[in-house]
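K.L.:
What shape does this take:
(chains A and B)
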Amino acid sequence: DAGVIQSPRHEVTEMGQEVTLRCKPISGHDYLFWYRQTMMRGLELLIYFNNNVPIDDSGMPEDRFSAKMPNASFSTLKIQPSEPRDSAVYFCASSTGRSSGANVLTFGAGSRLTVL
Amino acid sequence: QKEVEQNSGPLSVPEGAIASLNCTYSDRVSQSFFWYRQYSGKSPELIMSIYSNGDKEDGRFTAQLNKASQYVSLLIRDSQPSDSATYLCAASGSARQLTFGSGTQLTVLP
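P.N.:
Predicted coordinates for the structure are as follows:
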């Protein structure tokens, strides 16, 4: 398996623009997570899905952020409009629903977002 | 208060020494604990998982869990310069998401 695939790896945009980050989880993994990492706040959970259904979005900072998972192999995190304080590395991670691998997250390479 | 606390460091140890990384957690519901390693500019990668009180060893790494004290630690024996990274402690309860600590930056000096 190629692991968790994220795109783009780097994104530089101007304040007010829409940003869409993409993620392909590991095939067969039932859980998909979006995390954000900054120096100040560390690694924070934004939202996670189970079998394509959002389970907990309490970490989504505000209405400018939205996430979807239209099928088992694809998820998007959208920021509209973007602001400089959204600059961070956004990680997607997935895990299996089987008890033997429960809660063991495999991370993608991350998308580094810079909002000017 | 953050649910998972770590000393941010930086922690420096000489090559060949034992590096000791510590973590406390506040949620008594937490059942599963993990140590992830993150090299600069890279994504976190799992080193160890531990679910029961006591020690768990894997090569040069030993994870220790004490649920009564709400304490998790990671020992790295015979530290190598390639172990220099940020180590993230994470905890999970009945839900599937992990809560991460802020990480401890470890430098192993040649």
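
K.L.:
any idea of the mean pLDDT in the helix or strand harbouring A:Met69?
P.N.:
Per DSSP states H and E: A:Met69 is located in strand A:65-71. The average pLDDT within strand A:65-71 is 97.

K.L.:
Touching that strand from outside, list them.
P.N.:
With contact meaning C-beta atoms under 8 Å, 6 or more residues apart in numbering or on different chains, strand A:65-71 is reached by A:32, A:34, A:46-47, A:49, A:52-54, A:57, A:60, A:75-80. C-betas here are computed from N, CA, C, even on glycine.

K.L.:
next one: stretch B:41-48
P.N.:
A:43, A:91, A:104-110, B:34-38, B:56, B:58, B:61, B:63, B:74, B:87-88.

K.L.:
can you give me the end-to-end distance of it?
P.N.:
Counting by C-alpha to C-alpha, to the nearest Å, you get 21 Å between the two ends of stretch B:41-48.

K.L.:
what about residue 53, how many neighbours?
P.N.:
Using chain A here. 7 (other C-beta atoms under 10 Å in any protein chain shown).

K.L.:
Please refer instead to chain B.
P.N.:
11.

K.L.:
Could you do A:Asp30 as well?
P.N.:
17.

K.L.:
Please tell me how far it sits from A:Lys78.
P.N.:
In this view, A:Asp30 and A:Lys78 are 23 Å apart by C-beta to C-beta, to the nearest Å.

K.L.:
One more: B:Ala63?
P.N.:
For B:Ala63 relative to A:Lys78 (C-beta to C-beta), the value is 37 Å.

K.L.:
what are the ranges of the strands in the chain?
P.N.:
Just going to use chain A. A:5-7, A:10-13, A:19-24, A:31-38, A:42-50, A:53-56, A:65-71, A:74-79, A:88-95, A:106-107, A:111-115 (DSSP state E).

K.L.:
Correction: the question concerned chain B.
P.N.:
B:4-6, B:11-14, B:19-25, B:32-38, B:45-50, B:54-58, B:61-66, B:71-76, B:85-92, B:99-100, B:104-109.

K.L.:
As JSON lines, those strands with mean neighbour count and mean pLDDT would be great.
P.N.:
JSON lines is the format used below for the strands of chain B (neighbours: other C-beta atoms under 10 Å in any protein chain shown; pLDDT from 0 to 100):
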{"stretch": "strand B:4-6", "mean neighbour count": "20", "mean pLDDT": "92"}
{"stretch": "strand B:11-14", "mean neighbour count": "14", "mean pLDDT": "96"}
{"stretch": "strand B:19-25", "mean neighbour count": "21", "mean pLDDT": "95"}
{"stretch": "strand B:32-38", "mean neighbour count": "22", "mean pLDDT": "95"}
{"stretch": "strand B:45-50", "mean neighbour count": "17", "mean pLDDT": "94"}
{"stretch": "strand B:54-58", "mean neighbour count": "12", "mean pLDDT": "95"}
{"stretch": "strand B:61-66", "mean neighbour count": "18", "mean pLDDT": "96"}
{"stretch": "strand B:71-76", "mean neighbour count": "20", "mean pLDDT": "96"}
{"stretch": "strand B:85-92", "mean neighbour count": "24", "mean pLDDT": "94"}
{"stretch": "strand B:99-100", "mean neighbour count": "23", "mean pLDDT": "92"}
{"stretch": "strand B:104-109", "mean neighbour count": "18", "mean pLDDT": "96"}
